[in-house]
Structure formats: C-alpha cells, structure tokens
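Undergrad: need a structure here:
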Amino acid sequence: MEINPVLVGTYVTIARDVVVTVAAVITASIAIYGLRIWKRDLVGKESYEAAKTLVFHSHATVRALLKLRLPIGDHERMMLTKEQIEHTTESERWRLTEAAAYRVKLKDFMEVYSGFREALLNMRVIAGSQVFLAFQPFQKAIRSTLDKLYAYLVLLEDFSVSYIGEPDDVKVTSKFVCSFDGSVDELQLSVEDTRESGEIFLLPYLHRKSISK
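TA: Just a heads-up that it's a prediction; the model follows:
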C-alpha cells in the first residue's frame, strides 16, 4: 500500500495541533486552579489577621475601660491656682479635680476604643454585618459604663448644687468608680462576658475551637 506523504503530513499537523491545544488547556486549568488556591489562602490569611487584630483590640478596650474606672489618685489631680483655692471649698476643689482627671482618662480611653472600632470595621469587610451583631452586646456594655461616667461628671460639675455628699459616698452611689469592696462588679462582668461572646464568633477565623485553645 502506497503511503501518501501529503496525507501523512496532514495527519501529523492535525495531531500536533491537538497536542498543543490539549497542553494549552491543561496549562490554563492548572493556572486557574493555582490562582483559586492562592486567592483562598490569601483570603484565609487576611481573615485570620483581621480576627486576631480585633481580638487584641477588644482585650485592650476592656483593660482601658477598667483603668478608666479606677479611683483618681493624687498624682492625677490637676494643680489648682491660688485664686481657685481661695474661692472654693474643700468639697468643690475635690469635685473640680475629680472631674478634670476623669475627662483626661476618658480621652485616653476613647483613643483605645477607636482602635477597636476600626478593627471591627475591617473585620466587617471580611465577615459581613454578622460580626457587628456579634460585638453589639459588647459595645452596649461599654456605652452603659460610659453613661454612668457622664452622669457622674454632670453631678461633679453642677455647682448649682453646693454639696453632693462625701467623696467616698459619691463614688459609691455613682456606680461607676471601682469600689474594691469585694462585691461583684456588674459593669466589669458585663463587659468581659460580652467581649468573650464576640470572640466566640471569631473562632472559625482564628482556626480555634474554643476561647482557651
């Protein structure tokens, strides 16, 4: 049987084109698969880092809030002018320095809290609005604590009322200043519990099964 060189050449060309096409398809498939794996790993890493940052800032916020509620030490009180001393009573001087010191501490706290809010917003981009819902009780507990501080400041700075009570009594009734009397601190307990609930939501992003592991 005589072999037609032209026909053989045609078959060779077709076979070569098929091989090249198949190789191109395989290469493209591998590239697409690799790209998907890379994107998945990238998103996983971003999720982990965002969740880790949010947990860090939530802990920092709890610590800062506790620090905010600590009683004012003498070193934290502002120096009064001679005129202020001469025209105020001892109770009024305490109220002035107490309020001024807590306003300074409040400013420090808000700087820490802003870090938490930014971390929460970053995590929202990844996890959606569910992360806001998870940390909503935590933020509510913080607002409840701050509301007590604002009420305490109003009481201290309202000098239309000349006498509001002895300092220790005023601190206790404010329910804001830490008392260290051995009783359960409901404000701190609420903040810590709700923060932990928020962290539980983040466990899948942290590749953990529990808070302690």
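Undergrad: C-alpha only now, for contacts and for neighbours.
TA: Fine.
Undergrad: Check which helices and strands the helix or strand where Arg117 lies sits against.
TA: Under the criterion of DSSP states H and E, Arg117 resides in helix 90-127. Contact partners of helix 90-127 among helices and strands, from 3 or more Cα pairs under 8 Å, 6 or more residues apart in numbering; DSSP states H and E: helix 5-69, helix 130-157.
Undergrad: hmm, try it at 6 Å
TA: For helix 90-127, the elements it packs on are helix 5-69, judged by 3 or more Cα pairs under 6 Å, 6 or more residues apart in numbering; DSSP states H and E.
Undergrad: Report the next helix or strand after the helix it packs on in sequence order.
TA: Following helix 5-69 in sequence, per DSSP H and E, is helix 82-86.
Undergrad: For that next one, which residues meet the burial criterion?
TA: Judged by neighbour count (16 or more other Cα atoms under 10 Å), helix 82-86 contains no buried residues.
Undergrad: That helix: how far from the chain's middle?
TA: Mean-position distance between helix 82-86 and its chain equals 43 Å (Cα atoms, centre = their mean, to the nearest Å).
Undergrad: for stretch 108-124, same thing?
TA: 5 Å.
Undergrad: Could you export that stretch as PDB, CA atoms only?
TA: Extracted in PDB, the C-alpha atoms of stretch 108-124 (Å, rounded to 0.1, in the frame of the first residue of the first chain):
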ATOM      1  CA  ASP A 108      -7.200  58.200  76.800                       C
ATOM      2  CA  PHE A 109      -9.900  55.500  76.700                       C
ATOM      3  CA  MET A 110     -11.500  56.800  73.600                       C
ATOM      4  CA  GLU A 111      -8.200  56.600  71.700                       C
ATOM      5  CA  VAL A 112      -8.000  52.900  72.600                       C
ATOM      6  CA  TYR A 113     -11.700  52.400  71.800                       C
ATOM      7  CA  SER A 114     -11.300  53.900  68.400                       C
ATOM      8  CA  GLY A 115      -8.700  51.200  67.600                       C
ATOM      9  CA  PHE A 116     -11.300  48.600  68.400                       C
ATOM     10  CA  ARG A 117     -13.900  50.200  66.300                       C
ATOM     11  CA  GLU A 118     -11.500  50.400  63.300                       C
ATOM     12  CA  ALA A 119     -10.600  46.800  63.700                       C
ATOM     13  CA  LEU A 120     -14.300  45.900  63.900                       C
ATOM     14  CA  LEU A 121     -14.900  47.800  60.700                       C
ATOM     15  CA  ASN A 122     -12.000  46.000  58.900                       C
ATOM     16  CA  MET A 123     -13.400  42.600  60.100                       C
ATOM     17  CA  ARG A 124     -16.900  43.600  58.800                       C
END
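Undergrad: Quick one: mean pLDDT for it?
TA: Averaged over stretch 108-124, pLDDT sits at 97.
Undergrad: and what of stretch 202-211?
TA: On average, stretch 202-211 scores 90.
Undergrad: So which residue is dead centre in the protein?
TA: Phe116 (2.7 Å; Cα atoms, centre = their mean).
Undergrad: how near is that residue to Leu153?
TA: 25 Å (Cα to Cα, to the nearest Å).
Undergrad: what sits against the residue nearest to the centre of the chain?
TA: By Cα atoms under 6 Å, 6 or more residues apart in numbering, the contact list for Phe116 reads His57, Ser58.
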